[in-house]
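J.: Model the following, please.
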Amino acid sequence: MSTVLLQPCDERAITTATGVSPCARKSESWILAATILGSSMVFIDGTAVNVALPALQRSLKATVSDVQWVVESYALFLAALMLVGGSIGDRFGRRRIFCIGAAIFALASIWCGVSPGVEQLIAARAVQGIGGALLVPGSLAMIRSAFAEEKRGKAIGTWSGFSAITAAIGPVFGGWLVEHVSWRAVFFINVPLAIVVILISYWRAPESRVDQSGKQEDWLGAMLATAGLGGIIYGLIESSNAGFGQFKVVGALLMGSLALGWFFVVETRSDNPMLPLALFKSRNFAGANLLTLFLYTALSGALFFVPLNLIQVQGYSATAAGAAFLPFVLLMFALSRWSGGLITRHGAKLPLVVGPAIAAAGYALFAVLSVGQSYWTTFFPAVVVLGLGMATSVAPLTTTVMNAVPEERAGVASGINNAVSRIAGLLGIACLGIVMIQAFNSRLDERLAQLSLTSEQRRFVDEQRSRLAGAELPSEVDEATRSNLRLAVHDSFVHGFKLVMTTAIVLALASALSAFMMLAGRISPAQEANEKK
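T.: Numbers count the residues shown, from 1 in each chain. The predicted model follows:
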């Protein structure tokens, strides 16, 4: 029996924009493993935490707005800083910044797990987002540097598939932890993963960077992007409860819009912008990012409410709710390598029109659900069809983005596309949250008008509206009234859920239309090179 000794890559074998180092070629499998595990930590937190939200809401007495901020604070810093994260990786070393991101993410995860209240949890999630902003663009840029062009599509497809399957473990294992340990334990999943990522990266992955001597990072742009997105998302979330006429809502939306406007001015004048607007001259790059915005707004916003529906309305355990989406992720795993090759055989347009259209059909199946039906005839078909649509879309979408730019802009391009997907997640949860809350309140008013409640009982129910299906009921009512109240709350939530999914259908179809209108079909290498210029 032979023993294989792992040796660190020779620092002299640094890859550059000119090609792939011999060290990278020998370590392709290790590099792929490290990047999959590293990005999976970010994706796991997007799935496992959603399953923990009902328990977290109950434990911390949190409103739906609080729960939204647990998700949104993470997504906000992830989205706003991912652009600069890709850029500093290109400059200071993609492996180095990737590992720093993993360390920050692990430490922030520990903070999340020990947070005594919702305010600290929100702050810790924001720090997690900073770590994630260094991880995700670094992972794709490391793949781009390590794999030759003829292998890159399948490598990205493998990255997408395995990232999906590890993300699938998150909600299942996370649901089990919520049910048998605590929601706090969910955050500790990331710690051993981060340790493995750092060890593999320093042992087997070569360093790669782009010479950017004399250029300064665009920290002003990063601050303006964070302030702008933060103001707009705060205004949208608060509008659900306070209404758009309140000063704090109008002020937040106005300040956020002004900050984003200033951000775009800064980017046009900066010597080293975090968002190089010139990249959007490529129709494939611009079209792929527009598609990403629509597709992930639908996905993130819709799936935020699925665990709440399963646990708080349908009565699933946390473990069962985590397992309910296994078909989605298994399809992503099984088909992503295949779909990564679709762009070679058919070009970008066909899979990126068909995939979102199939996803729209999945949302349509979600939109007809009601209370108390079998999983196999309701959620299962919807999950399968949605998974098929996303599996057809994700790898070709990522490959299109990476192939549309020159090698030296790989980190920035990856950061832009991932930032767009995270911004879409921010907008999805905030905007579809407005749809849900308005529909819920409207239907609940109708249902309450049919019940004989005292003024105190009605006031109690009104105070609980902000918790949606997690609302507590007055204790002094008789059993029949309690049952009717619970039915009214569940019916109101399902009504809002259907409108959320209807909105997701429109967004998915808009993403298919953007692919049809903007993306090229099969193009020759010469045409592709010309587009990159």
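
J.: where in the chain is pLDDT low?
T.: 1-27, 46, 149-150, 161, 163-168, 209-217, 407, 410-411, 415, 521-533 (pLDDT under 70).

J.: the domain parsing of it - what is it?
T.: 22-209+272-442+492-532, 219-271 (automatic domain parsing).

J.: Which of these sits closest to residue 465?
T.: domain 22-209+272-442+492-532 (6.2 Å; CB to CB). Bear in mind the C-beta positions are built from the backbone N, C-alpha and C, glycine included.

J.: what's the most buried one of the domains of the chain?
T.: Among the domains of the chain, ranked by average contacts under mean count of other CB atoms under 10 Å, first place goes to domain 22-209+272-442+492-532 (a mean of 22).

J.: Distance from that domain to the middle of the chain?
T.: Computed by CA atoms, centre = their mean, to the nearest Å, the chain-centroid distance of domain 22-209+272-442+492-532 equals 4 Å.

J.: I'd say residue 501 and residue 301 touch.
T.: No - judged on CB atoms under 8 Å, residue 501 makes no contact with residue 301 at a distance of 9.7 Å.

J.: hmm, back to that, can you lay out the domains of the chain as a markdown table showing distance to residue 481?
T.: Below are these laid out as a markdown table (distance: least, CB to CB, whole Å):
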| stretch | distance to residue 481 |
| --- | --- |
| domain 22-209+272-442+492-532 | 16 |
| domain 219-271 | 26 |
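
J.: In a strand, residue 444, correct?
T.: No - according to DSSP: H, G, I helix; E, B strand; the rest coil, residue 444 belongs to no strand; its state is helix.

J.: dump the residue contacts of it.
T.: Residues in contact with residue 444 (CB atoms under 8 Å, 6 or more residues apart in numbering) are 465, 488-489, 492.

J.: And those, which is closest to residue 370?
T.: Of all the contacts of residue 444, residue 370 sits closest to residue 492, with 12.7 Å by CB to CB.

J.: who does the strand or helix carrying the closest one touch, helix- and strand-wise?
T.: Using DSSP states H and E, residue 492 falls within helix 479-518. Where contact means 3 or more CB pairs under 8 Å, 6 or more residues apart in numbering; DSSP states H and E, helix 479-518 is packed against helix 283-308, helix 349-366, helix 410-448.

J.: Format these as TSV; extra columns: distance to residue 392.
T.: Supplementary listing: the helices and strands packed on helix 479-518 in TSV, determined by distance: least, CB to CB, whole Å:
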stretch	distance to residue 392
helix 283-308	11
helix 349-366	3
helix 410-448	17
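
J.: mind checking which of these is nearest residue 259?
T.: helix 410-448 (14.0 Å).

J.: Pretty sure residue 65 sits in a helix.
T.: Yes - the assignment for residue 65 by three-state DSSP puts it in a helix.

J.: Just list the residues touching it, thanks.
T.: Residue 65 makes contact with 237-238, 240-241, 466, according to CB under 8 Å, 6+ apart.

J.: how far away is it from residue 362?
T.: Note on residue 65: its distance to residue 362, by CB to CB, to the nearest Å, is 28 Å.

J.: Next up, phi/psi of residue 404, please.
T.: Here is the backbone geometry of residue 404 (degrees, to the nearest 10): phi -90, psi 0.

J.: For it, give its distance to residue 416.
T.: Separation of residue 404 from residue 416 (CB to CB) stands at 11 Å.

J.: Give me the common contacts of these two.
T.: With CB under 8 Å, 6+ apart as the test, residue 404 and residue 416 both reach residue 279.

J.: Endpoint to endpoint, stretch 398-412 covers what distance?
T.: 13 Å (CA to CA, to the nearest Å).

J.: repeat for stretch 111-123
T.: By CA to CA, the extent of stretch 111-123 from end to end equals 9 Å.

J.: just checking, residue 477 is part of a strand?
T.: No - per three-state DSSP, residue 477 lies outside any strand segment and is coil.
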